[in-house]
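[1] here is the input, now give the coordinates:
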Amino acid sequence: MTEKDFLQPVDDQVIRQVKTIIRTARYGALAVLDPVSGAPLVSRVGITTDFDGVPVILISGLAAHFQALVHDPRASLLLGEPGKGDPLAYPRISIATKAVMIERDTPEAARIGARYLAHQPKAKLYIGLGDFRLFRLEPQSASFNGGFGKAFAMTAEHLLSKADPALAAAEAHAVEHMNEDHFDAVNNYARHYLQAPTGNWALAGIDAEGINIALGDDIRRIFFDEQLSVPEDMHMTLVKMAKTARMALGD
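    Residues are numbered from 1 along each chain as shown. Reported below is the predicted structural model:
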């Protein structure tokens, strides 16, 4: 028997599970190639995603994996958080990527940086330091292990979402507006759609397929019923979700 004999078919449920892991990850293991020896080098890195679902890291120019990515952009990223018991029983995904460094002081850097800070607020301490750079880790292929006997070969298209510049440009204002003026609605999102406890939940990101909300280090994912197409959809969808949650909760 070959490896292909053990692979399971990729369906919508698997894709949603994988996207949830990627979108909610705060950290991962990044494997690069040492530019001197050529040997594998693994580091723990903070993670967020760009609007289209591409993983994003922020690293110092002093880090060994920074120099490795500049020399050879090929890298592998492992995501998936274990819980109690056997760590190998928990889902994880290994993504073969190509790293693309984002130039500082550009509109793209500002937009992606805002997404990174919404997901990783503690990075405010160092994101502005001169030697730090953002990298997009653009997926080439992936291997998803959903637990014992659940192996899937995935393509980049399975992992990514709609990349719409107009939608992406509208995100930062929407996140700020919801967190400052409608934090009660965000809390209701958590309570209704995720059956999560009441708390100071904050919107940590919006993309074409859903939202991330955070309470401290706890980040969770809510998918939209329908994918966003234009910036106006963002406002209308968030309002509709707020009304649905409020009515269901009786608030």
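[2] what about the helices in the stretch 101-250 of the chain?
    Taking DSSP state H, counting those that start in this stretch, the helices of the stretch 101-250 of the chain run over residues 107-119, 156-159, 165-181, 183-193, 231-249.
[3] got the domain ranges for the chain?
    6-159, 165-249 (automatic domain parsing).
[4] can you lay out these as JSON lines showing mean neighbour count and mean pLDDT?
    No exception for glycine: its C-beta is placed from N, CA and C like everyone else's. Putting the domains of the chain into JSON lines (neighbours: other C-beta atoms under 10 Å; pLDDT from 0 to 100) gives the following:
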{"stretch": "domain 6-159", "mean neighbour count": "17", "mean pLDDT": "94"}
{"stretch": "domain 165-249", "mean neighbour count": "17", "mean pLDDT": "95"}
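[5] show me where the protein has its strands.
    In the chain, the strands defined using DSSP state E lie at 27-33, 40-46, 48-49, 55-60, 74-79, 92-102, 132-145, 151-155, 202-206, 210-215, 218-223.
[6] adding distance to Ile21, write those out as TSV.
    Listed next are the strands of the chain as TSV, based on distance: least, C-beta to C-beta, whole Å:
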stretch	distance to Ile21
strand 27-33	10
strand 40-46	16
strand 48-49	11
strand 55-60	11
strand 74-79	6
strand 92-102	6
strand 132-145	8
strand 151-155	12
strand 202-206	15
strand 210-215	12
strand 218-223	9
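[7] nearest to Met236, out of those strands?
    Nearest to Met236 among these is strand 202-206; the distance by C-beta to C-beta comes to 12.7 Å.
[8] next one: phi and psi at the closest residue to Pro82 other than its chain neighbours?
    With C-beta to C-beta, 6 or more residues apart in numbering as the criterion, Pro82 has its nearest non-adjacent residue at 4.5 Å, and that residue is Tyr90. With angles defined as degrees, to the nearest 10, Tyr90 sits at phi -100, psi 150.
[9] which residues are in contact with Tyr90?
    80-83, 147 (C-beta atoms under 8 Å, 6 or more residues apart in numbering).
[10] okay, the residues you listed in CSV with distance to Ala166 next?
    Shown next, in CSV, are these (distance: C-beta to C-beta, whole Å):
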residue, distance to Ala166
Gly80, 32
Glu81, 33
Pro82, 39
Gly83, 39
Gly147, 39
